[in-house]
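A.B. asks: what follows is a predicted protein model with its sequence.
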2 protein chains.
Amino acid sequence: MKKILVLGAGRSATTLIDYLITNSEENNWFVTVGDFSVELAEESVGNSEKAKAIFFNVTDDNQRREEIRNSDIVVSMLPARMHFLVAEDCVNLKKNLVTASYVSDELRQLNEKAKQSGVLLLNEIGLDPGIDHMSAMQLIDEIKEKGGELTSFKSFCGGLVHPDYDHNPWNYKFTWNPRNVVLAGQGTAQYIKKGKYKYIPYTKLFERTECMNILDVGEFEGYANRDSLSYRDSYGLENIPTIFRGTLRKKGFCKSWNMFVQLGMTDDTYSVENSENLTYREFTNLFFPYNNKLTVEQKFCNYLNVSNNSDEFKKAEWMGIFSKNIIGIEKSTPAKILQKITEEKWTLSKEDRDMVVMQHQFEYLLDSETKKINSSLVVFGDNQRDTAMAKTVGLPVAIATKLILNGEIKSIGVQIPTTKDIYNPVLKELSGNGINFIEEEIS
Amino acid sequence: MKKILVLGAGRSATTLIDYLITNSEENNWFVTVGDFSVELAEESVGNSEKAKAIFFNVTDDNQRREEIRNSDIVVSMLPARMHFLVAEDCVNLKKNLVTASYVSDELRQLNEKAKQSGVLLLNEIGLDPGIDHMSAMQLIDEIKEKGGELTSFKSFCGGLVHPDYDHNPWNYKFTWNPRNVVLAGQGTAQYIKKGKYKYIPYTKLFERTECMNILDVGEFEGYANRDSLSYRDSYGLENIPTIFRGTLRKKGFCKSWNMFVQLGMTDDTYSVENSENLTYREFTNLFFPYNNKLTVEQKFCNYLNVSNNSDEFKKAEWMGIFSKNIIGIEKSTPAKILQKITEEKWTLSKEDRDMVVMQHQFEYLLDSETKKINSSLVVFGDNQRDTAMAKTVGLPVAIATKLILNGEIKSIGVQIPTTKDIYNPVLKELSGNGINFIEEEIS
């Protein structure tokens, strides 16, 4: 019997744990799920005889080492900053590890030691990062193998609402960590186009979007991710003239969100005076020059140069930023206040279903001809628990775990799934689970 | 004989050292000037018999303590981050200390110990901070003493070019640390107006300026300083409804500088790829969407929505941002590149003279009547060495040093010059040296 230790039973782990338990009989696995909330862990394993739930405190060195020692493989769905502790023990105790998080600089330094110990630390094998790497690399390798020369690679991904449940004026709800959505894009986005480096400061980010239609799910816009350039090395595209990665929203979102950015509502660096007792309306008024003759709505329209008939104004009003609700959070930053306001409107209800959308856009030269291919993925959530996000993050992690246990993935060291030995079998099984990319040649 | 130790002989110390040497005979002083550059120290003392220059390394604990032990008072014109080392020794060795820098949190913690040792650590007694505190507090105390109730206090200060030498289209040259000017305003400015807190994010800062005429030196605009609110406590104005502090530029400056801010050229958080080999023109082009049909000038005008006949465009062009000069600095941030570009145009030439301008604007209620007073200061530099900046920073430091040695200032502990015992005699002697505020009642 192979013992699998899953650390973290949060909402991105549901599909993963279900898969491992469902396949435990056939593969002779036993699954231990550890979480700081033992209730959450218990809920995730249900009454399976092939699994148990335990209280798990990652900072308890003894417990962590003991549980890792007693397992054959470790899957960590803990917050990314905690992975290093787990990874270090895995190397020392010669256990393979799978995570869906970005490889940190700290973790990368375990590469040599992991190799010496014959251990695989496989990371970035969720959705984004994860499915993006695998699906892009499969096409990149195909194009290269038939003699094509890649000239442009753009890739977009977003977590959104299922079209049938998408009824609010922003065409958006939180399907992932709301704080990260509110803070998204701060800093400077970097990319390269036709050999020219390009830098977009945060305050222009939501104005410089790319528009696209994706399959039959509608019109989208993508704003640039902070880091597109490092993908050149990861994907073996060192000399590609154009590379761009972006985040998808439905058409019209960015222009409206940009109003909050321009006002300063996404700032997380200072506390608003007396934030606890302010109304949302008073919060909004903090960002305008003093004027006691105009309403807050009028100041908003003047300051941002929008009309009170515009979609943008209506979206802002719908969001509640002019309401007299009390903030009620002490010493809060503008970003935390905006998070509270938006969570009241953008939290998925019990009936809602989510959607994950990804599109890669390739351009390449083959026999002196320019070719264009779009490769697109749409995944719908089934319900509040089995979300598209949980499926697309959890399934590749689960499948990789199986392939490592079966000996089909043999790599060692710190890895991400950009090589055939990993992406081919994982993508194949994802496809059997309804996670399929659709390729379209663009003329 | 009283021994004065001056640490730091940079360009803000010239007037200070001249004053101390000039008055050394009469007061029976001996002045030791220490600097890491012994040449700089020697130049500052000239061939005076009442002074000597020494090599001084502030991080050499033995030397620092030895020199402080051998002195009767210490004046530190070192960079602000070095003051704590000096201040700690001064407290231990029971020597008074004078600086022109803001009190750091670290330094503030020496207050109790300084008081127990009977030592005065007098800070913020240069121009801004310094003359601003003293001149504002003198009027605030006068208004309070005659029964007035302050309702608004605004205060502006700027270092600029003498009007007779002010011939460039920006009406600006660097009279102080260029790096600080390029980075000025980053973060969020906070102030209060008629009881309402107001927050200005950096990207709106240079649009939300206040205009004013000052005496006969022209039209100015002031942009908000980051911190206006803490002056309520320092000035005993805890309940004042309006308080605002700002930085002065000549009219039209901010709108043009804002173009660089909007483009992202003042960002100091990342390095530009291949910065060493780029031209200024290529640097500018980094911030526009890719377009190989338009010139960089056309992209600039489209992106910022300015015409190529506008003053703003002409100022940008004059600055050289479209030139083919090579940057020549490896791994440089946008802000460092912009500093290099602007230094080529905004460095004071040997013939130039500078100017310091300050204005306080008071509103108060007296016998149910609203009164307004402006109090303004204009100081001109004499030449490249005896700048307005060196005079206004150095003279109050020098005068305070004399008053402490003479026993006229008796305070102990960590102090700033907001009390009468300090500001009255210092302002009186400044006035004798041509540093005079002009008060105007505004109807």
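C.D. replies: Received it, and whenever you're ready, just let me know what you need. Numbers count the residues shown, from 1 in each chain, chains lettered A, B, ... in the order given.
A.B. asks: now find how far off-centre the longest helix seen in chain A is within its chain.
C.D. replies: Under DSSP state H, the helix in chain A containing the largest number of residues is helix A:388-405. Distance of helix A:388-405 from its chain centroid, counting by Cα atoms, centre = their mean, to the nearest Å, is 15 Å.
A.B. asks: repeat for stretch A:12-31
C.D. replies: The chain centre lies 23 Å from the centre of stretch A:12-31; the measure is Cα atoms, centre = their mean.
A.B. asks: in that stretch, what counts as buried?
C.D. replies: Taking 16 or more other Cβ atoms under 10 Å in any protein chain shown as the neighbour-count basis, stretch A:12-31 is seen to contain the buried residues A:12-21, A:23-24, A:29-31. For every residue, glycine as well, the C-beta is placed using N, CA and C.
A.B. asks: so how far is chain B from A:M134?
C.D. replies: As judged by Cβ to the nearest Cβ, to the nearest Å, A:M134 and chain B stand 28 Å apart.
A.B. asks: got the contact list for that residue?
C.D. replies: The neighbourhood of A:M134, defined by Cβ atoms under 8 Å, 6 or more residues apart in numbering or on different chains, consists of A:I125, A:P396, A:P417, A:T418, A:I422, A:Y423, A:V426, A:L427.
A.B. asks: pick out the residue in the stretch 51-200 of chain A sitting closest to chain B.
C.D. replies: A:K193 (4.1 Å; Cβ to the nearest Cβ).
A.B. asks: is the nearest residue to that residue once chain neighbours are set aside in a helix, a strand, or coil?
C.D. replies: Computed as Cβ to Cβ, 6 or more residues apart in numbering or on different chains, the closest residue to A:K193 that is not its neighbour in sequence is B:Y290, at 4.1 Å. On the three-state scheme (DSSP: H, G, I helix; E, B strand; the rest coil), B:Y290 is labelled coil.
A.B. asks: what does the stretch 101-250 of chain A put close to chain B?
C.D. replies: Taking Cβ under 8 Å from any Cβ of the partner chain, the part of the stretch 101-250 of chain A that reaches chain B is made up of A:187-188, A:190, A:193-194, A:196-201, A:203-204, A:208, A:229.
A.B. asks: and those, which of them are in strands?
C.D. replies: A:T188, A:Q190, A:K193, A:K196, A:Y197, A:K198, A:Y199, A:I200, A:P201 (DSSP state E).
A.B. asks: PyMOL command for the buried members of those?
C.D. replies: Per 16+ other Cβ under 10 Å, the buried members of those correspond to this PyMOL selection:
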select buried, chain A and resi 188+190+193+196+197+198+199+200+201
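A.B. asks: for chain B, what's its nearest residue on the stretch 301-443 of chain A.
C.D. replies: Chain B sits closest to A:P334 of the stretch 301-443 of chain A, with a gap of 7.5 Å, by Cβ to the nearest Cβ.
A.B. asks: pretty sure that residue is touching A:D267, no?
C.D. replies: Yes: counting by Cβ atoms under 8 Å, A:P334 touches A:D267, with 4.6 Å between them.
A.B. asks: who has more neighbours, the two?
C.D. replies: A:P334 (26 against 21; other Cβ atoms under 10 Å in any protein chain shown).
A.B. asks: for A:T295, grab the count of nearby residues.
C.D. replies: The number of residues packed around A:T295, counting by other Cβ under 10 Å, is 13.
A.B. asks: so how far is A:V58 from it?
C.D. replies: Using Cβ to Cβ, to the nearest Å, one gets 51 Å for the distance from A:T295 to A:V58.
A.B. asks: now the residue of chain A most remote from its centre, what's its secondary structure?
C.D. replies: For chain A, the C-alpha farthest from the mean C-alpha position belongs to A:K293; by Cα atoms, centre = their mean, that distance is 44.6 Å. Classification of A:K293 by three-state DSSP places it in coil.
A.B. asks: the one 10 residues further on now?
C.D. replies: Here A:Y303 is recorded as helix under three-state DSSP.
A.B. asks: for the nearest residue to it once chain neighbours are set aside, what are its contacts?
C.D. replies: By the measure of Cβ to Cβ, 6+ apart, the closest residue to A:Y303 outside its immediate chain neighbours is A:F288, 5.5 Å from it. For A:F288, the set of contacting residues under the criterion of Cβ under 8 Å, 6+ apart consists of A:V296, A:K299, A:F300, A:Y303, B:K198.
A.B. asks: quick check: pLDDT value at the last one.
C.D. replies: Yep, that's B:K198 we're talking about. What the model reports as pLDDT for B:K198 is 97.
A.B. asks: quick one: pLDDT of the closest residue in space to it that isn't next to it in sequence?
C.D. replies: For B:K198, ignoring the flanking residues on the chain, the nearest one in space by Cβ to Cβ, 6+ apart is B:Y191 at 5.4 Å. B:Y191 carries a pLDDT value of 97.
A.B. asks: ok, B:Y191 touching B:E210?
C.D. replies: No: the pair B:Y191 / B:E210 is not scored as a contact, 10.8 Å apart, by Cβ under 8 Å.
A.B. asks: identify the contacts common to those two.
C.D. replies: Residues touching both B:Y191 and B:E210 (Cβ under 8 Å, 6+ apart) are B:F244.
A.B. asks: of the two, who's got more company?
C.D. replies: B:Y191 (23 against 16).
A.B. asks: what does the stretch 251-400 of chain A put close to chain B?
C.D. replies: The stretch 251-400 of chain A has residues A:262-264, A:267, A:269-270, A:272-274, A:285-290, A:292, A:334 near chain B, with proximity defined as Cβ under 8 Å from any Cβ.
A.B. asks: run the last query once more with 10 Å
C.D. replies: If contact is defined as Cβ under 10 Å from any Cβ of the partner chain, the residues of the stretch 251-400 of chain A in contact with chain B are A:261-267, A:269-270, A:272-274, A:278, A:282, A:285-292, A:303, A:334.
A.B. asks: among these, which are in strands?
C.D. replies: Short answer: these have none in strands (DSSP E).
A.B. asks: just the buried ones from those, in PyMOL syntax?
C.D. replies: Buried subset of those, written as a PyMOL selection, criterion 16+ other Cβ under 10 Å:
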select buried, chain A and resi 261+262+263+264+265+266+267+272+278+282+285+286+287+288+291+303+334
